[in-house]
Each structure stands twice: as C-alpha cells, then as structure tokens.
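1. kindly return the folded structure for what I paste below:
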Amino acid sequence: MDRSTDRQEPWRILVVDDEPDLVDVLCSTLRYEGWQARAATAGLAAVAAAAEWRPHAVVLDMMLPDIDGMEVLRRIHLDRPEVRVLFLTARDAVEDRIAGLAAGGDDYVTKPFSLAEVAVRLRSLLRRTPAAAPVGPPPGALVLGDLMLDERAREVTRGGEVVELSPTEYALLHYLLRHPRQVLSKAQILDAVWSYDFGGRAHVVELYISYLRRKLDAGRAPMIHTVRGAGYLIKAAP
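-> Residues are numbered from 1 along each chain as shown. This is a model prediction of the structure:
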C-alpha cells in the first residue's frame, strides 16, 4: 500500500536512465515507498514500456543513448497526456530547466540528488493529479499486495516486474493465491497441484516452494511462509 495514502493499488512509476546502478537504486527506493517501479535504460525502451505498462508517472533522464528525454516525453504524452514526468539530469542551466517544463515536464531534479527528495516530489505530483488515479487490475487477476497473477495472460508480476515461472510453479502459486492467508498442508497442496495421494512426496512440495521463494521473494520482503508442522501460507509483505 502507498505509505502516503489509503490507496489499495500502488502507483506505477517508470524509471528511465542509462545508468543501470542509478536505476536500480531509484527503483528500490520507490518500492520501499510502497509503489511499483519498472526500469528502462534507453528512450525507445521507455516509450514501449509506457505503452505496455501504463505508468502513472515517469522519472526521466534528459540524456539517453538513442532518443533524448524530450522526445520520450513527447511520444508518451501523445498516448497518455495525463502521465506526470519528473526530469532527472546532470544539466543545471536555467534554460534546460525551462525547456523541460515547457515540453510538458512537471518537475525537475538535477544530479546529484537526494533519493528522499525524488520520492517527495513524486508523491506531491501524484497527490495533486486526480487524472493519474490508477485503473484496477485486469479481469481475472489475483492480487495480493504487490504480487499479481493475471489468469488471462498467464503472467505473474511482483512490484510491477514480470516473474518467469514454470508451469508447475505457476500452478502452485495460483493455488496459494486462491487461498491467501490460509495455512495449506503439504497434502492439500500435493493433491491440488499434482493430484497425487499424499505418501512420502513431501519433498516435491518443499522443492517447488523453495523455487517460488527464490523467484518471488529474492531481495524483497517474503510472502510465502512456513508454519511449522502445519504447512505453508502466502500473505502480503508488510
């Protein structure tokens, strides 16, 4: 949940910069705020991501390796003029700031910058922009915290990032999400996912639970929990 509001669906923020380390740090900061974050390291990739993911705001570097930030903003606004844009750039000349704002940018932060300042400025932009209110999850989606399983697309995302799962991992997660915050025994899981009678096959469940944890929880607050002597449950991360 967004730390600054009572919203149930987090804001989606696209971070665009050609410095991978900076993008990673920014995305981590935004996720800590309770938002979803997705990265792009080039202008054309950013335009494609904006069309597919439909972010509510874009943190946009002015200097990119293919097309510049101004052109990225122009192309995104052709489709979604309500998207808020916060420019990031090493340029600090007054004329550059004016050009960015005149092109349709909403705010401007120069490098080096404070991560906390970026979060505060984004929150301010989103709070005062009713047009940016997010649409709900797609029909047929199972949502728990920042985890979403889209049954129609058979796609899983956490924090806005696609998580690649095998068919068995997908089936296991689907079953867990159908029973959120419920303790499910190994026998129940084995029967539902593998259709086996329970008998010495607990290691199969344990193995695939470990696979899911590796993919869903790596570097994030855990969602899949072991209840000793009882089974497993899935719940939203705190």
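2. endpoints of stretch 52-59, how far apart?
-> 17 Å (Cα to Cα, to the nearest Å).
3. what helices or strands is the host helix or strand of His203 leaning on?
-> Using DSSP states H and E, His203 sits within helix 202-216. With contacts defined as 3 or more Cβ pairs under 8 Å, 6 or more residues apart in numbering; DSSP states H and E, the packing partners of helix 202-216 are helix 167-178, helix 186-189, strand 224-227. All C-beta spots, glycine's among them, are computed from the backbone N, C-alpha and C.
4. against Pro20, how distant is Thr168?
-> Remark: distance between Thr168 and Pro20 (Cβ to Cβ, to the nearest Å) = 32 Å.
5. swap that for Ala46, sorry
-> 14 Å.
6. of the two, who's got more company?
-> Higher neighbour count among Ala46 and Pro20: Ala46, with 29 against 10, using other Cβ atoms under 10 Å.
7. contacts only, for the more buried one.
-> 14, 16, 40, 58, 60, 64, 72, 76 (Cβ atoms under 8 Å, 6 or more residues apart in numbering).
8. recalculate using a threshold of 6 Å.
-> Counting by Cβ atoms under 6 Å, 6 or more residues apart in numbering, Ala46 makes contact with 16, 40, 72.
9. chain neighbours aside, what residue packs nearest to the second one?
-> Going back to what we said before, that points to Ala40. Leaving aside its chain neighbours, Ala40 sits nearest to Ala46 (4.0 Å; criterion: Cβ to Cβ, 6 or more residues apart in numbering).
10. could you do Thr157 as well?
-> Nearest to Thr157 is Met148, by Cβ to Cβ, 6+ apart, at 5.1 Å.
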